[in-house]
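Undergrad: Below are the sequence and a predicted model for it; my questions follow.
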2 protein chains.
Amino acid sequence: MTLRQLACFATVARLGSVKAAARELGISEPAVSAAVGALRGELDDQLYLREGHGLVLTAQGRRLASLATEIGALAGRATTALDERDHGERLLHIAVTGCVEEHIIGPLLSAFSERTPDVLANVEVAGAASFAELLDRRRADITLGPRPGLAEAPDLITAPFLRYRMVIVAPPSHRLAGVDAIPPAALAGERWLVGSEGADTASPAGQYFTRVRIEPSDVRVFPSDAAALSGVAAGEGVMLALWHATAVELRAGSIVRLAVRGMPLVDLWYASTLPDGHCLTGASALRRFAATPEATQAIAAPRRGVPASIVRAPVHATLWHSVARG
Amino acid sequence: MTLRQLACFATVARLGSVKAAARELGISEPAVSAAVGALRGELDDQLYLREGHGLVLTAQGRRLASLATEIGALAGRATTALDERDHGERLLHIAVTGCVEEHIIGPLLSAFSERTPDVLANVEVAGAASFAELLDRRRADITLGPRPGLAEAPDLITAPFLRYRMVIVAPPSHRLAGVDAIPPAALAGERWLVGSEGADTASPAGQYFTRVRIEPSDVRVFPSDAAALSGVAAGEGVMLALWHATAVELRAGSIVRLAVRGMPLVDLWYASTLPDGHCLTGASALRRFAATPEATQAIAAPRRGVPASIVRAPVHATLWHSVARG
DNA sequence: ATTAATTACGGAATGCGTAAGGATT
DNA sequence: AATCCTTACGCATTCCGTAATTAAT
């Protein structure tokens, strides 16, 4: 499989014709046909069928067309975007977990950019399990979240930067509101609301369920922790939430904290990079900055959003949901 | 530029050595060196420098390493994931705007999957401006949001599926609460809270600002509309919000609606696909389903989240933020 | 009969491996 | 002296373009 073959196929898929693709690509028709033929052989699929006037993609063909276009776009970025020398040293690739993305990264970067002007950051949400690999393969300059497995990449520099607390919140009318020393098992039958990470075993909620050995049957996924919290206030269910993200609602009385045994859950988030010589100066600067009181304070402050001037809209957010077996 | 060259460079970047990369790739050392040399020439950058024992990537080299790894991963998906024949016909690529993603897609897909079991959906957030191209290049099977420009892809089938209303909400203590017929210009000096799309000109907020000709100086970005709404309740500012997403908070009295002239703003969202013969049956089924009363009702219902059993955690969400000029 | 995709074949270019050169520790 | 990246050169493979063939309207 070569880039050229993929480009040929992507063009054929888009234009619905080998001839037109050949014209657009500036090569001969057989060249296109052969390129696609090679893919056909390699992937063991027809990719498209001739049908009347035009071509109709097979299911695999459609998927490959999508992948091929995406690959082509990335390759194009390699040739063009790489020229922006300015950004080269200043662009930070930051990999974070969903929870850090929603609650931490905004104020943290906001504060960091005040201290170190002209920072550009590209935030990518990833599972903590992939942190070590992302750093190792240079796909991320720094990771923020749980500690990467040191077994996988022993050379990482890893520093704790935030001690966080998680609590279980419920509507004020909840039957267990005000009750002391609630055993976790008493919550197994509740309706649990979770944010975009769902109840994945790697998510905070999933890890908690595993730790206290409950398997709630009624878990409902919201598009964000904030939306789930709003659901709690509306009486929809209970939620495992980041303590400092619930301060406003707790004070307003729209939700209450349940006194579940073992709560609040305290844990640490880490900032990790490759060793100093091998990572961007910006990455090690951010790693060090994240642990300063200044950063901690910015993160802990009641959330006020981030000035629009320093945040560009997500250019390309990709979420993978899969919905099955209704 | 070829996939092989990129794979060579990615491996060199990861292992920090041409020799080690050659060993891992199972080819000779000069072959690797030449492949990287070709990239060096094409991209006009050294990519890495020899330094003592090992190699140190240049800034461009780091970016290329990231791109190369990503491209390699996608190419790998093309060979392996394409084999999952089962999913071929059932996997829907859905492109939506940020607003639809947060407020609409969950209940819509939840209801759709009840009616059509075994649906798999892959939801991608994109700007409405790219809808036509996404459909045209087969990177999306269906788009949900504003109407794609018909000039760009005249053959699309486009059907309105939801009439939505947007309102401006504020804290109950706001000076304009209860005031009638507020001129939009009176809000130019407010602090505006916006969700993840920011105040981008393509976002609902950005479009509104353009339409009423105000350029607020104080716009603060939150990670989601729900978070921004919670900010409104906390007295942080005002917000242009989807009417039906504010029902719970309005009823609870934690926020109020401002009687701004021209509000509520009413508009339509459209479901668009390629013509029936050229798109997945699932895509046209969803396009038709979205316009049924059943779907409208599911979307309009106060939000309750989506059962965890039918939503998988986002496997790989990529957000591009860029933070500059603190 | 016409349009469009595929196969056949000759020539050019690319890519790999062995061997030698150069730079750094 | 040793290690590692790079250049030099011969060979096999791949890839393209022209021309002929096949399939469908």
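TA: The structure has been received and is ready for your questions.

Undergrad: The longest strand seen in chain A: which residues count as buried?
TA: Looking across chain A with DSSP state E, the single longest strand is strand A:157-170. Counting neighbours by 16 or more other Cβ atoms under 10 Å in any protein chain shown, one finds that the buried residues in strand A:157-170 are A:157-158, A:161-162, A:164, A:166-170. Backbone N, C-alpha and C define where each C-beta goes, glycine included.

Undergrad: quick one, domains of chain A?
TA: Residue ranges of the domains in chain A are recorded as A:3-66, A:85-162+A:267-321, A:163-266, according to automatic domain parsing.

Undergrad: would CSV of these with distance to DNA strand D be doable?
TA: Conversion of the domains of chain A to CSV gives the following (distance: least, Cβ to the nearest atom of the strand, whole Å):
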stretch, distance to DNA strand D
domain A:3-66, 3
domain A:85-162+A:267-321, 14
domain A:163-266, 36
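
Undergrad: where are the low-confidence patches of the stretch 101-250 of chain A?
TA: Across the stretch 101-250 of chain A, the stretches falling below the confidence threshold (pLDDT under 70) are A:152-154.

Undergrad: Just the closest residue of it to DNA strand C, please.
TA: Per Cβ to the nearest atom of the strand, A:Asp155 is where the stretch 101-250 of chain A lies closest to DNA strand C, at 19.5 Å.

Undergrad: What is the neighbour count of that residue?
TA: Counted with other Cβ atoms under 10 Å in any protein chain shown, residues neighbouring A:Asp155 total 10.

Undergrad: likewise A:Leu49?
TA: Neighbour count of A:Leu49, defined by other Cβ under 10 Å: 10.

Undergrad: From A:Val18, how far out is it?
TA: Taking Cβ to Cβ, to the nearest Å as the criterion, A:Leu49 is separated from A:Val18 by 13 Å.

Undergrad: So for these two, which residues contact both of them?
TA: Residues touching both A:Leu49 and A:Val18 comprise A:Leu55, with contact defined as Cβ atoms under 8 Å, 6 or more residues apart in numbering or on different chains.

Undergrad: how near is A:Ile255 to A:Leu55?
TA: From A:Ile255 across to A:Leu55, the span is 56 Å (Cβ to Cβ).

Undergrad: Which residue ranges of the stretch 201-326 of chain A form helices?
TA: Across the stretch 201-326 of chain A, reading from the start of the chain, the helices by DSSP state H, counting those that start in this stretch fall at A:204-211, A:225-233, A:247-252, A:281-290, A:293-300.

Undergrad: Now the fourth one: buried residues?
TA: Right, the one you point to is helix A:281-290. Per 16+ other Cβ under 10 Å, helix A:281-290 contains these buried residues: A:282-287, A:289-290.

Undergrad: and the residue lying closest to A:Pro172 once chain neighbours are set aside, what does it touch?
TA: In this structure, A:Pro172 finds its nearest non-sequential neighbour in A:Val256, 5.1 Å apart by Cβ to Cβ, 6 or more residues apart in numbering or on different chains. Residues touching A:Val256, when contacts are defined by Cβ under 8 Å, 6+ apart, comprise A:169-172, A:174, A:177-178, A:250.

Undergrad: Doesn't A:Pro172 belong to a strand?
TA: No: with the criterion set as DSSP: H, G, I helix; E, B strand; the rest coil, the secondary structure at A:Pro172 is coil rather than a strand.

Undergrad: sorry, back to before: partners of the residue nearest to A:Pro172 in the sheet?
TA: On DSSP bridges, the residues paired with A:Val256 through beta bridges are A:Ala170.

Undergrad: Equivalent analysis for A:Arg163, please.
TA: With DSSP bridges as the criterion, the beta-bridge partners of A:Arg163 are A:Leu268.

Undergrad: That one and A:Gly145: what is the separation?
TA: Distance from A:Arg163 to A:Gly145, by Cβ to Cβ: 14 Å.

Undergrad: before we move on, back to that, turn the buried residues of helix A:281-290 into TSV, columns for pLDDT.
TA: Conversion of these to TSV gives the following (pLDDT from 0 to 100):
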residue	pLDDT
A:Gly282	83
A:Ala283	88
A:Ser284	89
A:Ala285	90
A:Leu286	92
A:Arg287	94
A:Phe289	94
A:Ala290	94
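
Undergrad: Out of the residues you listed, which is nearest to A:Ala301?
TA: Here the nearest of these to A:Ala301, counting by Cβ to Cβ, is A:Ala290; it sits at 15.0 Å.

Undergrad: Can you tell me how far the spatially most central residue of chain A is from A:Pro275?
TA: In chain A, the C-alpha nearest the mean C-alpha coordinate belongs to A:Val125, at 2.0 Å (Cα atoms, centre = their mean). Distance, A:Val125 to A:Pro275, using Cβ to Cβ: 25 Å.

Undergrad: hmm, stretch A:98-110 touching chain B?
TA: Yes: between stretch A:98-110 and chain B, judged by Cβ under 8 Å from any Cβ of the partner chain, the touching residues are A:98, A:101-103, A:105-106, A:109-110.

Undergrad: Spatially, and excluding backbone neighbours, which residue is closest to A:Leu91.
TA: Taking Cβ to Cβ, 6+ apart as the measure, A:Leu91 lies nearest to A:Leu120, with 4.6 Å between them; neighbours along the chain are not counted.

Undergrad: And A:Phe112, by the same measure?
TA: Nearest residue to A:Phe112, sequence neighbours excluded (Cβ to Cβ, 6+ apart): A:Phe289, at 5.4 Å.

Undergrad: got a list of what A:Ala7 touches?
TA: A:25, A:68, A:72.

Undergrad: and if we set it to 6 Å?
TA: A:Gly72 (Cβ atoms under 6 Å, 6 or more residues apart in numbering or on different chains).

Undergrad: Return the backbone torsion pair for it.
TA: A:Ala7 has phi and psi values of phi -60, psi -40 when expressed as degrees, to the nearest 10.

Undergrad: how close does the nearest residue to A:Leu150 once chain neighbours are set aside sit to B:His244?
TA: The spatial neighbour of A:Leu150 that comes closest, neighbours along the chain excluded (Cβ to Cβ, 6+ apart), is A:Leu156 at 6.7 Å. From A:Leu156 across to B:His244, the span is 46 Å (Cβ to Cβ).

Undergrad: how many other residues sit next to the residue nearest to A:Gly145 when sequence neighbours are not counted?
TA: Using Cβ to Cβ, 6+ apart and skipping the chain neighbours, the partner closest in space to A:Gly145 is A:Thr97 (3.8 Å). Residues within reach of A:Thr97, counting by other Cβ under 10 Å, total 23.

Undergrad: could the buried residues of strand A:157-170 be laid out in a markdown table, adding distance to DNA strand C?
TA: What follows is those, written out as a markdown table (distance: Cβ to the nearest atom of the strand, whole Å):
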| residue | distance to DNA strand C |
| --- | --- |
| A:Ile157 | 23 |
| A:Thr158 | 28 |
| A:Phe161 | 34 |
| A:Leu162 | 39 |
| A:Tyr164 | 43 |
| A:Met166 | 49 |
| A:Val167 | 54 |
| A:Ile168 | 56 |
| A:Val169 | 57 |
| A:Ala170 | 61 |
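
Undergrad: Closest one to chain B out of those residues, please.
TA: A:Val169 (13.1 Å; Cβ to the nearest Cβ).

Undergrad: which residues touch that closest one?
TA: For A:Val169, the contact set (Cβ under 6 Å, 6+ apart) comprises A:232, A:239, A:241, A:246, A:255, A:257.

Undergrad: got it, and A:Pro171?
TA: Under the criterion of Cβ under 6 Å, 6+ apart, the neighbours of A:Pro171 are A:Gly235.

Undergrad: Got the phi and psi for it?
TA: Backbone torsions for A:Pro171, taken as degrees, to the nearest 10, come to phi -70, psi 150.

Undergrad: Right, I'll leave it there.
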